[in-house]
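Undergrad: Give the three-dimensional model of this entry:
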Amino acid sequence: MTLVLATDDSGGPEIFASLQGEGPSMGTPVAFMRLSRCNLACTWCDTAYTWRFEGDNRPHRDDETFDRKANQVKLSPEETAERILALGQRRLVITGGEPLLQGGALADLLPQIPDVEIEIETNGTTKAPSHVDIRVDQYNVSPKLSHSGNEAELALIPERLDFYAADPRAYFKFVIAEPSDVDEVLELQRRYRFKRGHVFLMPEGTDSETIGSRAQWLSELCLKHGFRMSDRLHIHLYGDSRGT
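TA: Purely as a prediction, here's the structure:
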């Protein structure tokens, strides 16, 4: 079973080494693999090239569509593993898009990189098949709030949130654009009882100025409510660009 990956600026698969820019592993040297396709459509998504292909009319603030052929590349699990191992990193972050849509192909890949720690970034609407789940060291679950533009029935599935809330490997990362977004997080916290220290609030933004401005008031709300705060380190270091 082949993996469908997003492409970098050269048209090759988006597999690269960098520092993790968000969440509990922020600052850690890792390999990244970005898979294509997503079952949600966030209006502020900064990787719309993984899902908003020509003919997809789901709303996005940039209103840009992408040529599917130019923005997707297929690799065998064997070639994917070879590229990941060549980066020489001890940890792999699998991101998207929504990477767990390709759970079957991931089940073929992961046994070929047995000594690499696995971190998966997911929107929390699906779960990994057992052959993938057993290899995962950390889930970064990013449920989408109402400002994402997704219907709650699609983005906040109680069965899935219960599943991740009970998993000690799962950390929750919420994208925050306005102070009122934190009220939604508090309601989800009350309902699902996320583990203490496992909830991060992260300012939405694709440039340092926007992130910094929102971080000023968000830091006070994190302090008030006991949430951890995440920066977007890769934006400060590399800008809003592929393969970073």
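Undergrad: only C-alpha atoms for contact and neighbour calcs from this point on.
TA: Fine.
Undergrad: can you give me the strands for this protein?
TA: Per DSSP state E, the chain carries strands over the ranges 3-6, 15-19, 29-34, 72-75, 91-95, 117-122, 138-141, 170-176, 199-203, 228-229.
Undergrad: Can you check which helix is longest in this structure?
TA: Ranked by number of residues, the top helix in the chain under DSSP state H is helix 208-225.
Undergrad: which residues sit against it?
TA: Judged by Cα atoms under 8 Å, 6 or more residues apart in numbering, the contacts made with helix 208-225 from elsewhere in the structure are 177-179, 182, 201-205, 227-229, 231-232, 235-236.
Undergrad: again with stretch 161-174
TA: Against stretch 161-174 from outside (Cα under 8 Å, 6+ apart): 23-24, 124-125, 137-145, 185, 192-195, 198-202.
Undergrad: residues contacting the residue most central in space within the chain?
TA: Most central in the chain under Cα atoms, centre = their mean is residue 121, positioned 3.8 Å from the mean C-alpha point. Shown here is residue 121, whose contacts under the criterion Cα under 8 Å, 6+ apart are 93-96, 98-99, 139-142.
Undergrad: what's around residue 193, how many residues?
TA: Neighbours of residue 193 under the rule other Cα atoms under 10 Å: 14.
Undergrad: which of the contacts of helix 208-225 are buried?
TA: 177, 182, 201-205, 227-229, 231-232, 235-236 (16 or more other Cα atoms under 10 Å).
Undergrad: any idea which of these is closest to residue 12?
TA: Distance from residue 12 was checked for each of the buried ones among the contacts of helix 208-225 by Cα to Cα. The minimum falls on residue 235, at 21.6 Å.
Undergrad: wait, doesn't the closest one sit right on residue 207?
TA: Yes: with contact defined as Cα atoms under 8 Å, residue 235 and residue 207 form a contacting pair (6.2 Å).
Undergrad: circling back: mean pLDDT and distance to residue 214 added to the strands of the chain, as JSON lines?
TA: Below are the strands of the chain laid out as JSON lines (pLDDT from 0 to 100; distance: least, Cα to Cα, whole Å):
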{"stretch": "strand 3-6", "mean pLDDT": "98", "distance to residue 214": "29"}
{"stretch": "strand 15-19", "mean pLDDT": "98", "distance to residue 214": "22"}
{"stretch": "strand 29-34", "mean pLDDT": "98", "distance to residue 214": "26"}
{"stretch": "strand 72-75", "mean pLDDT": "98", "distance to residue 214": "33"}
{"stretch": "strand 91-95", "mean pLDDT": "98", "distance to residue 214": "24"}
{"stretch": "strand 117-122", "mean pLDDT": "98", "distance to residue 214": "23"}
{"stretch": "strand 138-141", "mean pLDDT": "98", "distance to residue 214": "21"}
{"stretch": "strand 170-176", "mean pLDDT": "98", "distance to residue 214": "8"}
{"stretch": "strand 199-203", "mean pLDDT": "98", "distance to residue 214": "6"}
{"stretch": "strand 228-229", "mean pLDDT": "98", "distance to residue 214": "12"}
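Undergrad: who does the residue nearest to the centre of the chain bridge with?
TA: In this structure, residue 121 has the following beta-bridge partners (DSSP bridges): residue 140.
Undergrad: Which of the contacts of stretch 161-174 are buried? Put it as a ChimeraX command.
TA: Applied in ChimeraX, the following selects the buried portion of the contacts of stretch 161-174 according to 16+ other Cα under 10 Å:
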select :23,24,124,125,138,139,140,141,142,143,144,145,185,192,194,198,199,200,201,202
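Undergrad: so what's residue 2 closest to, chain neighbours aside?
TA: With sequence-adjacent residues excluded and distances taken as Cα to Cα, 6 or more residues apart in numbering, residue 2 is closest to residue 76, at 4.7 Å.
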